[in-house]
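Q: when you get a sec, could you give me coordinates for this:
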Amino acid sequence: HQETYNTQLKWRNSYPLNGGATDVPFYNTATNQVEQWQRQYFTYEENGGLSRAMIRNINNTFSINTGVKGSFGDSWQYEAMFSHSQNQLEAKWPALIAAKANAFYLGQSLGVDPDSGYQMYYVPHERLYTPLTPAQFASITQDSIDRDTARAENYSIKVNNTDLFQLPAGSVGFAATAE
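A: Have a look, this model is predicted:
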């Protein structure tokens, strides 16, 4: 188990585009200006403390290796092996939900400004500069969870006989391996 501190989350009003996001200015009817808002970082106090901002990795690994070795007949030897390993990782970290943060900071659209072509919102600047309570912060975030599993199995068998029969140059043998 591993816990590390995440960088503080940040927000800017944007919308999804090609797997990323692009900034979306808006017309603020509170100031009669086109604006682009962002919070560079939310504080740990807004987040509810350091422990709520942590990345948690839970990694479980299991491995087993076993085999048998012996002989049969007059001069045959064998060796069989099996190994199995698996790894499961669960990583959990806090993530900002852009649509919820946009709705929290900007509220409902008042339509489209005919001069700029941007969405209109009534958003006093105090909304951007007032610290959030942990409950407000929780309302625009959720844990992002990644679960990964890896598994490997190996089987191996070897059979050999170093003295099947004799030729003038010496013994003839045989060996085979399958994996």
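Q: so which residue is dead centre in the protein?
A: Against the mean C-alpha coordinate of the chain, by CA atoms, centre = their mean, the closest residue is residue 146 at 4.2 Å.
Q: which residues of the chain score low on pLDDT?
A: For the chain, residues meeting the criterion pLDDT under 70 lie at 15-21.
Q: parallel or antiparallel, which strands does the longest strand seen in it pair with?
A: Using DSSP state E to define each element, the chain has its longest strand at strand 141-167. Sheet pairing of strand 141-167 (DSSP bridges) gives strand 76-96 (antiparallel), strand 170-178 (antiparallel).
Q: any idea how far residue 172 is from residue 166?
A: Per CB to CB, to the nearest Å, residue 166 is found 7 Å from residue 172. Bear in mind the C-beta positions are built from the backbone N, C-alpha and C, glycine included.
Q: pick out whichever of the two has more residues nearby.
A: residue 172 (12 against 9; other CB atoms under 10 Å).
Q: name the nearest residue to that one, ignoring sequence neighbours.
A: Sequence neighbours aside, residue 164 is the residue nearest to residue 172 in space, at 5.1 Å (criterion: CB to CB, 6 or more residues apart in numbering).
Q: same question for residue 60.
A: Closest residue to residue 60 in three dimensions, ignoring its sequence neighbours and counting by CB to CB, 6+ apart: residue 88, at 4.8 Å.
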